[in-house]
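**Student:** coordinates only, no sequence provided:
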């Protein structure tokens, strides 16, 4: 019988939300964070990014990993890479038996979007100075090819590298997070269409094949995938503490029973720069054509059809994205939910004389809010996905506004502007909470319960114009009945 050679795991990563991964810095680009592309200009998810996320999931599932997967603790590896003194008895680094191929979008090339971001101050709720930035994202629904190898020929650990890889792939069928800003809604994915191939030494001359792309080379091998690809997955030996739920945001004057009036929603989009692929450039015109636009008095239908009032002339746009059919629709970025929630929860705890640090502060001891939402030092325990429309019932409005001169009662100088806002729409966003132990999970869930109380009383405002009748919309936070404490299957 031929000796074991390679185990190949093939599949497709399907985006549940928008996705962004770091690319090279382009001095000619107006963007702060462009997407990664290869020399042919193809959107690229680097194998190194996949490896990092795959190993991180493996560390969540298992207490110890064989050194032929990832040698030494992450902190020890960092010290060694920096040239610092090595810890005693630390073995030398060796090449991993896990090999990850670069991934690219499957099928038609998706339209890259540009997403604006801004950091807000917990104390004021306003934008922090110098903290506005933007980056390219790939819209939800995009599929990426996934291919990894386990080098069984070099595996001297009795083959746990293969069974652990299958266990991680099994977990990724449920969900995984890739790229940057996963706590703010980007990079939520699932691994689908998983196929597992076992190669023996008779395939050594055919794989790898430097003359063909990996997918083409794999087809030429004529190897049948395993009927039950994940049956050999190793059982996780770590007990994880996690909980999940859903945020529901609703803007609808017809169902709003509150007595203080109507509240619209204006989550800011791009600021009108003419960047290729940036959404929003023809959004109002398409809304007018579809009957979704409520126009100000004096603005006729021809105004939008002829481009006399194009989107680039709107001072404040709303955030939009393209759905799976390519239609541009409103959405609420996870960051636009995360920021107001952190600010409002911090405000509540400070009123109770609890210490809450500002993001970016030099932390002496991390407070509970910082543990939940993260800092520049520690990752967030709470991840919030993008809020996407639940149906096709939505409508927008253009408001014409002005700054008033308090002395004359008229318009102040050139302070006249307009703002697009959403007057009808229903959105849902997932959230996920993970903690190191049961006690910390319960602390996180207690903060979630406090957030729910604030949301139920309409105390969490989303988006801009919060003191001008915008943003105080219905927000429902679905909580689990009890904290979940389980082994990952």
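**Tutor:** Sure thing, it's come through. Everything numeric in this text was worked out from a predicted model, so none of it was measured.

**Student:** ok, the helix or strand hosting residue 190: who's next to it in the sheet?
**Tutor:** Using DSSP states H and E, residue 190 maps to strand 188-200. Paired with strand 188-200 in the same sheet, following DSSP bridges, are strand 4-15 (antiparallel), strand 176-177 (antiparallel).

**Student:** got the contact list for the last one?
**Tutor:** Strand 176-177 has contacts (Cβ atoms under 8 Å, 6 or more residues apart in numbering) with 13, 53, 57, 187-191, 383. Where C-beta positions appear, they are placed from N, C-alpha and C, glycine not excepted.

**Student:** swap in stretch 205-212?
**Tutor:** Defining contact as Cβ under 8 Å, 6+ apart, one finds that stretch 205-212 is touched by 6, 199, 214, 216-218, 220-221.

**Student:** now with 7 Å, please.
**Tutor:** 6, 199, 217, 221 (Cβ atoms under 7 Å, 6 or more residues apart in numbering).

**Student:** do the same with stretch 454-465
**Tutor:** When contacts are defined by Cβ under 7 Å, 6+ apart, stretch 454-465 is touched by residues 249, 265-268, 316, 332, 336-337, 340-341, 344, 348, 419, 470-473, 475-477.

**Student:** contacts only, for residue 477.
**Tutor:** Neighbouring residues of residue 477 by Cβ under 7 Å, 6+ apart: 245, 247, 448, 451-452, 455.

**Student:** could I get the contacts of strand 176-177 as a markdown table with neighbour count?
**Tutor:** Below are the contacts of strand 176-177 laid out as a markdown table (neighbours: other Cβ atoms under 10 Å):
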| residue | neighbour count |
| --- | --- |
| 13 | 24 |
| 53 | 21 |
| 57 | 19 |
| 187 | 28 |
| 188 | 25 |
| 189 | 26 |
| 190 | 15 |
| 191 | 21 |
| 383 | 23 |
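
**Student:** now which of the contacts of stretch 454-465 would you call buried?
**Tutor:** Neighbour-count burial (16 or more other Cβ atoms under 10 Å) is assigned, among the contacts of stretch 454-465, to 249, 265-268, 316, 332, 336-337, 340-341, 344, 348, 419, 470-473, 475, 477.

**Student:** just these: which are in helices?
**Tutor:** Among these, the ones falling in helices (DSSP state H) are 336-337, 340-341, 344, 348.

**Student:** surely residue 417 meets residue 399?
**Tutor:** No. Residue 417 lies out of contact with residue 399 (Cβ atoms under 7 Å); the separation is 9.3 Å.

**Student:** so what's in contact with these two at the same time?
**Tutor:** With Cβ under 7 Å, 6+ apart applied, the contact sets of residue 417 and residue 399 do not overlap.

**Student:** and the two? Which one has more around it.
**Tutor:** residue 399 (19 against 13; other Cβ atoms under 10 Å).

**Student:** re earlier: from the contacts of stretch 205-212, which single one is nearest residue 109?
**Tutor:** Within the set of these, residue 217 lies nearest residue 109; the separation is 22.7 Å, counting by Cβ to Cβ.

**Student:** what residues of the strand or helix carrying the closest one count as buried?
**Tutor:** Counting by DSSP H and E, the secondary-structure element that holds residue 217 is helix 214-221. Of the residues in helix 214-221, those buried by neighbour count under the rule 16+ other Cβ under 10 Å are 214, 218.

**Student:** who's in contact with that helix?
**Tutor:** Residues outside helix 214-221 that contact it (Cβ under 7 Å, 6+ apart): 8, 10, 101, 145, 147, 203, 206-209.

**Student:** sort out for me which of those are in strands.
**Tutor:** Of these, the ones assigned to strands by DSSP state E are 8, 10, 145, 147.

**Student:** farthest pair in those residues?
**Tutor:** 8 and 145 (12.5 Å).

**Student:** which element is residue 128 on?
**Tutor:** For residue 128, the host element (DSSP H and E) is strand 127-137.

**Student:** name the helices or strands packed onto that strand?
**Tutor:** Using 3 or more Cβ pairs under 7 Å, 6 or more residues apart in numbering; DSSP states H and E as the contact criterion, the neighbours of strand 127-137 among helices and strands are strand 113-120.

**Student:** the inter-axis angle of the strand it packs on versus strand 127-137?
**Tutor:** With axes from the mean of the first three to the mean of the last three Cα atoms, to 10 degrees as the basis, strand 113-120 and strand 127-137 are set at 160 degrees to each other.

**Student:** buried ones in strand 113-120?
**Tutor:** Using 16+ other Cβ under 10 Å as the burial criterion, the residues of strand 113-120 that qualify are 113-117, 120.
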